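Engineer: Below: sequence and its predicted model.
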Amino acid sequence: MTPGRPPLPGTPLSDLATILGRMAADEMALAKAEVALGVRQMAGGVAFLVVAVVLLLVALNMLAGSASAGLAFAGVHPVLAPALVGGALLLLAGGLVLWAVSALRTSRLLPVRTAARLRRDIELIKEMMTHDSQT
């Protein structure tokens, strides 16, 4: 018998409470680990969102600087450089925002593997109970 997993069918019904207790503890531990992983991934998403906001502010500053220089110089080409840098930063910030939004999806908090294991465990328990009632 593997620790934390139910034995093969044919186990006495008296062991069922012990098996169920171990299985419940295992499933709770797995669910906690999955939720913790999801929360860590969401924290990473928040960090990238903060970086995206900072880059957006820098980009807006660059674009505002290029617009004011453009007005001051009335069409002199050196103004194009800060505008291109500001545009590139805007594109970078947009990409980071898209990544951050995908990382912040609440579906990452669902313990999918735990649910699959629970379904498997329920099927095994049904099989064990059916086998015990036949003997």
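Structural biologist: Everything's here; your move. Residues are numbered from 1 along each chain as shown.
Engineer: all contacts plus neighbour counts: C-alpha atoms, from now on.
Structural biologist: OK.
Engineer: what about the longest helix in this protein?
Structural biologist: helix 16-73 (DSSP state H).
Engineer: which strands and helices sit next to that one?
Structural biologist: helix 80-103, helix 112-134 (3 or more Cα pairs under 8 Å, 6 or more residues apart in numbering; DSSP states H and E).
Engineer: can you put those in JSON lines and add mean neighbour count and distance to residue 20?
Structural biologist: Listed next are these as JSON lines, based on neighbours: other Cα atoms under 10 Å; distance: least, Cα to Cα, whole Å:
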{"stretch": "helix 80-103", "mean neighbour count": "18", "distance to residue 20": "35"}
{"stretch": "helix 112-134", "mean neighbour count": "14", "distance to residue 20": "9"}
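Engineer: With distance to residue 61 and mean pLDDT as extra columns, can I get those helices in a markdown table?
Structural biologist: Formatted as a markdown table, the helices and strands packed on helix 16-73 follow (distance: least, Cα to Cα, whole Å; pLDDT from 0 to 100):
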| stretch | distance to residue 61 | mean pLDDT |
| --- | --- | --- |
| helix 80-103 | 8 | 81 |
| helix 112-134 | 44 | 81 |
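Engineer: What's the mean pLDDT across stretch 29-47?
Structural biologist: The average pLDDT for stretch 29-47 rounds to 87.
Engineer: gap between that stretch and the chain center?
Structural biologist: 6 Å (Cα atoms, centre = their mean, to the nearest Å).
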